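Chemist: The following comprises the amino acid sequence and a computationally predicted model.
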Amino acid sequence: MSKAGFPDTGGIVQGLDGIKKAYRTGKGKIIIRGRSAIEDLRGGRQQIVITELPYEVNKAHLVKKMEELRLDKKVEGVAEVRDETDRTGTRVIIELKKEAVASGILNYFYKNTDLQITYNFNMVAIDHKTPRQLGLKAILEAYVRHQKEVVTRRTRYELDKSKARQHIVEA
């Protein structure tokens with residue numbers, strides 16, 4: 001949980017075309033990357049710090065997969081992968097060896113782990129009593145129509161109830 005009480009999931013959305021298509025048609029695909037930064041350490045070494053994970057990615061599985069890639073020597077230059085997450089927020093550290101190229105290792109992890117995922121949009125809403133796939137504008141219009149109907153029905157019900165009780169109050 002972050003300071004505000006929300007889980008540190010979300011990440012960074014890559015590419016506008018998928019979002020535009022999803023909002024226009026109700027269906028689309030986007031790429032979500034974890035939020036990361038490269039920090040310098042003493043002795044000319046670097047580390048990659050991951051502070052946000054893509055939506056619905058299990059942190060324990062991600063750290064385990066990164067550690068397996070390191071132990072299997074599929075990625076060179078990684079000294080250690082550790083999870084320093086505490087109550088202040090998510091923090092996964094990838095400590096690099098002195099000669100390692102941080103951006104290359106980060107890109108390798110984006111490609112071969114859940115640090116970067118594809119997320120599919122499927123915006124279905126009930127419109128005129130039937131489920132339909134709608135774009136953002138149509139969903140908002142359907143919601144406003146629904147709210148007007150709810151308020152109108154509630155007001156009519158309360159008015160009818162008051163009229164039924166009116167003759168008792170007049171007596």
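Modeler: Thanks, I have it.

Chemist: from memory Asn122 sits against Gln133, does it?
Modeler: Yes - look at Asn122 against Gln133 with CB atoms under 8 Å: they come within range, at 7.0 Å. C-beta: built from backbone N, CA, C; applies to glycine.

Chemist: what is in contact with the two at once?
Modeler: Jointly contacting Asn122 and Gln133 under the rule CB atoms under 8 Å, 6 or more residues apart in numbering are Gly26, Lys27.

Chemist: Between the two, which is the more surrounded one?
Modeler: Taking other CB atoms under 10 Å, Asn122 and Gln133 do not tie; Gln133 has more neighbours (15 against 9).

Chemist: ok, and for the helix or strand harbouring Lys111, which residues are buried?
Modeler: Secondary structure assignment for Lys111, by DSSP states H and E: helix 102-112. For helix 102-112, burial by neighbour count (16 or more other CB atoms under 10 Å) applies to Ala102, Ile105, Leu106, Tyr108, Phe109, Tyr110.

Chemist: Thought Val78 was touching the fifth one, still the case?
Modeler: No - with contact taken as CB under 8 Å, Phe109 and Val78 are classed as non-touching, separated by 9.0 Å.

Chemist: Identify the contacts common to the two.
Modeler: Taking CB under 8 Å, 6+ apart as the criterion, Phe109 and Val78 both touch Met66, Leu69, Ile94.
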